[in-house]
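J.: 3D model of this:
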Amino acid sequence: MSTALGEKIKAIIQANGPISVTDFFSLCLADPEHGYYRTREPFGRSGDFVTAPEVSQLFGEMIGVFVVHAWQRHGTPAGVRLVEIGPGRGTMMSDMLRVISRIAPPLFEDMTVHLVETSARLRDIQQETLAAYGDKVSWHQGFDEVPPGFSLVAANELFDAIPIRQFVKTPAGFRERMVGVDAAGELTFGAGVAGVDPSLLPWPEEDVLPGTVFEVSPARQSVMLAICDRLKECGGTAVAIDYGHLVSGYGDTLQAVRMHEYDPPLAHPGEADLTSHVDFQALAQAATSAGVYVNGMLRQGDFLVGLGILDRAAALGRDREAHTRQIIQTAVDRLAGEGEGRMGELFKVLAVSHPALDLMPFRSVD
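T.: Numbers count the residues shown, from 1 in each chain. The predicted structure is shown next:
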């Protein structure tokens, strides 16, 4: 079954030759006419995947706790900009604001909230979700539009949707992986002519089998650098949470999800959500090279438990009927547990700060 975007991509390839995985990824998500984010409602029960804030209010509340902790460790500055990049339906921010207003009223009263969102449709949903906060909240097309000021930045499942480049090991060394059209007129992967800088490889290519894929994302690193530049200029902390790995390596992690099921990445362009795993080591190295302090990297489960999700779940369940307590427990298992279908191990958390300071639960706090 072909899709409208699939036909458009085939026409581009037939006219100009194969396109890179980066270009394919970008077209699938952001083509103005048929791109996934332009035409779909990706989040929630009716969408193709469920994000952590939609599993339970506990997730956003813990991010709120972390934000308050960071603000306190920075010395409770005034004029805070609380920024979320790629805020989905506004669920996480709503949960964060509820907990911040409860445990740190001075921060809540003084700060302004800034949502960086390019989708007009998602912006409408966010405005509904956050209507109670009135003009405390403002929206921006780009991160660079957020007014200057001490910044606390959160990004949940932002980086996995930023395109990657892929290189595949061939007899002639690593070559950029391309998307072309086969004899039957179907989209297919192939190898192009561009090589890769050997210094980027996790270990020497001589030790790697033919067909092995290496992924790199200059676009992710440039987003990370923009966040770091802001922290250096204005002070603050940023936290990024995403599906990925803590150590750079080889492997093809490009994946498509359609109606809650995995789908071959070339099968339904524009109708499936395309992502790939985030290389947290590469993001941390980008932050270090930019002169920003890396607080640490953790698995999501360790992060949430370290911030007190178990105590919060117990408090939410107190005096509730068994059924409600079971729902809360199931949510905690999904957010912080390990194993099939659980996010605790698969998702990782990176925090960076300027100036340098220790933050729970990344390292011991003096």
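
J.: Could you measure from residue 313 over to residue 59?
T.: 11 Å (CB to CB, to the nearest Å). C-beta: built from backbone N, CA, C; applies to glycine.

J.: More neighbours: which of the two?
T.: Neighbours were counted for residue 313 and for residue 59 using other CB atoms under 10 Å; residue 59 has more, 28 against 22.

J.: Isn't that one up against residue 95?
T.: Yes: here residue 59 reaches residue 95: they are 7.0 Å apart, a contact under CB atoms under 8 Å.

J.: for this protein, what helix or strand is lowest in average pLDDT?
T.: helix 52-55 (a mean of 60; mean pLDDT, DSSP states H and E).

J.: Output the next helix or strand after it as CSV - backbone C-alpha positions only.
T.: Where DSSP states H and E defines the elements, the next helix or strand beyond helix 52-55 is helix 57-73. The C-alpha coordinates for helix 57-73 follow below in CSV (Å, rounded to 0.1, in the frame of the first residue of the first chain):
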residue,chain,number,x,y,z
GLN,A,57,0.5,12.7,36.4
LEU,A,58,3.4,11.4,38.5
PHE,A,59,5.9,11.9,35.7
GLY,A,60,5.3,15.6,35.2
GLU,A,61,5.1,16.1,39.0
MET,A,62,8.6,14.6,39.4
ILE,A,63,10.0,16.9,36.7
GLY,A,64,8.4,19.7,38.6
VAL,A,65,10.2,18.5,41.8
PHE,A,66,13.5,18.4,39.9
VAL,A,67,12.9,22.0,38.5
VAL,A,68,12.3,23.3,42.0
HIS,A,69,15.3,21.5,43.4
ALA,A,70,17.5,23.0,40.6
TRP,A,71,16.1,26.5,41.3
GLN,A,72,17.0,26.1,45.0
ARG,A,73,20.5,24.8,44.2
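
J.: May I ask which helix or strand encompasses residue 190?
T.: Following DSSP H and E, one finds residue 190 within strand 187-191.

J.: Which strands or helices does the helix or strand following that strand pack on?
T.: Remark: after strand 187-191, the chain's next helix or strand is strand 213-216, criterion DSSP H and E. Other helices and strands packing on strand 213-216, by 3 or more CB pairs under 8 Å, 6 or more residues apart in numbering; DSSP states H and E, are strand 165-170.

J.: strand partners of the strand it packs on, parallel vs antiparallel please.
T.: Next to strand 165-170 in the sheet, as set by DSSP bridges, lie strand 173-181 (antiparallel), strand 213-216 (antiparallel).

J.: Pull out the buried residues from the shortest one.
T.: By 16 or more other CB atoms under 10 Å, the buried positions in strand 213-216 come out as 213, 214, 215, 216.

J.: What are the contacting residues of the helix or strand following that strand?
T.: Note on strand 213-216: by DSSP H and E, the next helix or strand toward the C-terminus is helix 218-234. With contacts defined as CB atoms under 8 Å, 6 or more residues apart in numbering, helix 218-234 is touched by 22, 81, 85, 143-144, 146, 148-151, 153, 155, 158-159, 162-165, 236-238, 240, 278-279, 282-283, 286-287, 290-292, 352-354.

J.: again, but for stretch 296-316
T.: With CB under 8 Å, 6+ apart as the contact definition, stretch 296-316 has outside contacts at 52, 58-59, 61-62, 65-66, 69, 241, 246, 280-281, 284, 328-329, 331-332, 335-338, 342-351, 359-363.

J.: Give me the below-cutoff pLDDT ranges for the stretch 1-150 of the chain.
T.: Residues of the stretch 1-150 of the chain meeting the criterion pLDDT under 70: 1, 38-55.

J.: what about the helices in it?
T.: Counting by DSSP state H, counting those that start in this stretch, the stretch 1-150 of the chain has helices at residues 4-16, 21-30, 36-39, 52-55, 57-73, 91-103, 105-110, 120-129.

J.: name the helices or strands packed onto the first one?
T.: Taking 3+ CB pairs under 8 Å, 6+ apart as the contact definition, the neighbouring helices and strands of helix 4-16 are strand 19-20, helix 21-30, strand 173-181, strand 187-191.

J.: Buried residues of that helix, list them for me.
T.: Applying 16+ other CB under 10 Å to helix 4-16 flags 5, 6, 8, 9, 10, 12, 13 as buried.

J.: can you check the fifth one too?
T.: Of the residues in helix 57-73, those scored as buried under the neighbour-count criterion (16+ other CB under 10 Å) are 57-71, 73.
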